[in-house]
Each structure stands twice: as structure tokens, then as C-alpha cells.
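Trainee: Fold the following, please.
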Amino acid sequence: MCAGVAGQRGRRVLVIDHAGQAGKKILISGGGRCNFTNVNAAPDRYLSANPHFMKSALRRYTAQDFIDLVDRHRIAWHEKTLGQLFCDGSARQIVHMLMEECAKGAVRISLGRPIGDVEHSDGRFRVTYGDEVAAAPALVIATGGPSIPKMGATGFAYDLARRFGLKVVEPRPALVPLTLGGDEVLFRSLSGVATEVVVKAGKASFREAALFTHKGLSGPAILQVSSYWRHGQEIGIDLLPEREPNWAVEAKRARPRTHFHTLLSEALPDRLAETLAKRIGLWSELANLPDRKLEEAGRRLADWRFTPNGTEGYAKAEVTAGGISTDGLSSQTMESKTVSGLYAIGEAVDVTGWLGGYNFQWAWASGWAAAQVL
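Mentor: Numbers count the residues shown, from 1 in each chain. A predicted model of the protein is given here:
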């Protein structure tokens, strides 16, 4: 994105990618259809040590701006839930579009050659890649974070930033499944069971599907809250977000002969309903259960507490939280405040979006912002 825009502004641009194919992460995104932006993209949908940093770029290059680009390339798309936009066809269309934009700007692209030394002197950066050396007055770090290492992702951006004196906010896996241990291992027997819930971690709250896995918890709601979760912290799950507080007591009045787990299975998958009923210890007809017990069960099901023992790590994380500190960058241009001509954009920076196209929109917006001044 940055290269294409800068190239079309008349700049001579070289993109160096150690991968043998351009846009490999784009190709696997959105189940192969690329969730390329979100119509609800706004600063409050992003995490950063500086919650104001992303405002300028997102305001100046919006989701609609990217949609207009997609439309100009006649790529058909559709909107899914919660403002998520996907290609009707394939993520390859987005990669092809970006490559065409680069071609319009006569951008050179080097693929499959590892980056060696990166030096800076006399106002110029020199990058060794393969057996060649490139020199330029500006260098843009756009190498992302270490999430999904099988795609070739590494922490190269952080090493490079530190070399130039930029600080790095401790990176960690984000939009990642959580793992369970101890007494909560029994929930692994529910692997494959999914249900709509409200999940909370601290002040963050998301209502979407949660999925029980053989390692713990996943699904959109869990991935969302994982970006806010810190090790040792509890998460609370409202397993019955549609139910009123006294739903079980009211059901007892109306249908006293109904078993509690049967009642639960009307709102939850059978296996989950049975597991929860056994865990709570209410395995009986409603008529045999005191109102107090049913009220306690209702409160617990509305705020079931799990203490994850970790995450599934960078291998399963869709993005990386943390990264190059925004303290050292201009929010207008993405340029380093201390090293003239050095820029950092996209996931390499300490800006992390929600699940659903937000991280792509940050990539487009931050790349566009840097390209305006290269």
C-alpha cells in the first residue's frame, strides 16, 4: 500500500520481501477471502499504549477510501456481520490489486531474498538483500509482527527498530485462542461446541460466538477479548446473554417437572448444558431445587469465571499486540522523531485492531500516511 501510493507520487520505490510470494498473510486471511476492512473502523477499536496515535491516519484514509479502491478494480465484495467486508471471490484479488497499484507507480519488488545488513550514514540507508545493496534517503519498516511464523513472520521489525534507538512495547500474541488447565480441563471434553456469549476481560466486553477446543477456548468472542487479557487474569463469560436474571425461578413456577439440564439445553448446546449442570451440582427437577440455588445458578451462568493458563501463542495468533512504540513516531507521517527518513507502519507498530478487518485498515491507513511524505 505504501509503495504503490508513493510510487504513483513519483518516488522511486523498492519493496524487499524475504518471502517468495507477495502478500502471503493476505492470501490466508478471512478464510481465503480477505476481510479487507471494516465499515466501523474507528480509533476506539484499536489497542495502543497511546490510544490517540491512530486517529490521524484513520481519519485521513478511511474504510470508504479503501472500498473505493476495491471498486475501481472491479472486485466484488460483500458485508458480513459487524461491518466486516470480504471479497466475493478470493484474497488473491486484493494482492493482485495492490501489485497493480505498485506497477502503476513503477515500484520494483524483490521477493525471496533475505535481508542482511541495514546501515545508515550520510542521510542514506543501505540495505543488503541477497547479493545486492540498495541505498535510499528513506526506509519504511513494514514487516509486521511474529504472528503466524509458518508464513515467514519474525520479530525483524523490532530488532531493526531497536538498532535505530526506537523503543519497543513488549510484543505478545493477540486475537489468539486461550488455553485452560487445572480444574477447567474438563471443558476440553466439549471440543467443537460453540455458543453465543458475552465475554469480559477487565473493561473490555464482546458479544459473539465462543468455541470450546481441545486446548481451551476460541471463537470470535474469545479472540477479541484475548487482546485485552493478561496472564493471571480471569475472564467472565455470560453464557445466557438473552436470559433475564430470574429466568430459572420463573421456569420452575411454569414447569416444575422439567430437569435443570433440560432447561439449560433450550438455550445452550446439549453437551454444554449437561456439563454446566453437573459442575453447578443441579441435576434434578426444578421442583426439587430451592429458589436460592436457582438464583445462584443464574448469577454464575451470567458470569462464569475462567482463568486461562496461557494462549496458543504466535503460531495461532492472528496479530501481534505491542510493537514499535508510538512515542518515537509522528502520528501524521509515521516517521521516527529521532532518525530522519525512518518510518514504521502497520502491525510492526504498537497499534492492534479488533478482529474483523480492523488490522488491514490500519495497514492501509498507516501505509498511505507515510507515502504522502516519502
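Trainee: and the next element down the chain from the strand or helix carrying D68?
Mentor: Using DSSP states H and E, D68 falls within helix 63-72. Scanning forward in sequence from helix 63-72 by DSSP H and E, the next helix or strand is strand 77-79.
Trainee: Show me how far that next one is from its chain's centre.
Mentor: The chain centroid and the centroid of strand 77-79 are separated by 19 Å, computed with Cα atoms, centre = their mean, to the nearest Å.
Trainee: Can you tell me what sits against the helix or strand following it?
Mentor: Remark: after strand 77-79, the chain's next helix or strand is strand 84-87, criterion DSSP H and E. Contact with strand 84-87 is made by 30, 33-39, 63, 67, 75-80, 93-94, 356-357, as judged by Cβ atoms under 8 Å, 6 or more residues apart in numbering. C-beta here means a position set from N, CA and C on the backbone, and glycine is covered the same way.
Trainee: Try it again at 6 Å.
Mentor: The contact list for strand 84-87 (Cβ atoms under 6 Å, 6 or more residues apart in numbering) reads 30, 33-38, 77-79, 93, 356-357.
Trainee: Please apply the same query to stretch 180-190.
Mentor: With Cβ under 6 Å, 6+ apart, stretch 180-190 has contacts from F212, H214, G216, R271, L272, F306, N309.
Trainee: now stretch 169-187, how far from the centre of its chain.
Mentor: Using Cα atoms, centre = their mean, the mean C-alpha position of stretch 169-187 is found 15 Å from that of the whole chain.
Trainee: Packing partners of the helix holding D68?
Mentor: The helices and strands touching helix 63-72, judged by 3 or more Cβ pairs under 6 Å, 6 or more residues apart in numbering; DSSP states H and E, number zero.
Trainee: And it, what's buried?
Mentor: A63, F66, I67, L69, V70 (16 or more other Cβ atoms under 10 Å).
Trainee: Tell me the gap between that helix and the middle of its chain.
Mentor: Taking Cα atoms, centre = their mean, one finds helix 63-72 lying 21 Å from the centre of the chain it belongs to.
Trainee: what ranges do the helices span in the protein?
Mentor: Per DSSP state H, the chain carries helices over the ranges 2-8, 24-28, 55-60, 63-72, 92-104, 156-163, 220-226, 247-254, 260-265, 270-280, 291-302, 358-371.
Trainee: Enumerate the residue intervals of the stretch 251-374 of the chain where per-residue confidence is below the cut-off.
Mentor: Applying pLDDT under 70 to the stretch 251-374 of the chain flags no residue at all.
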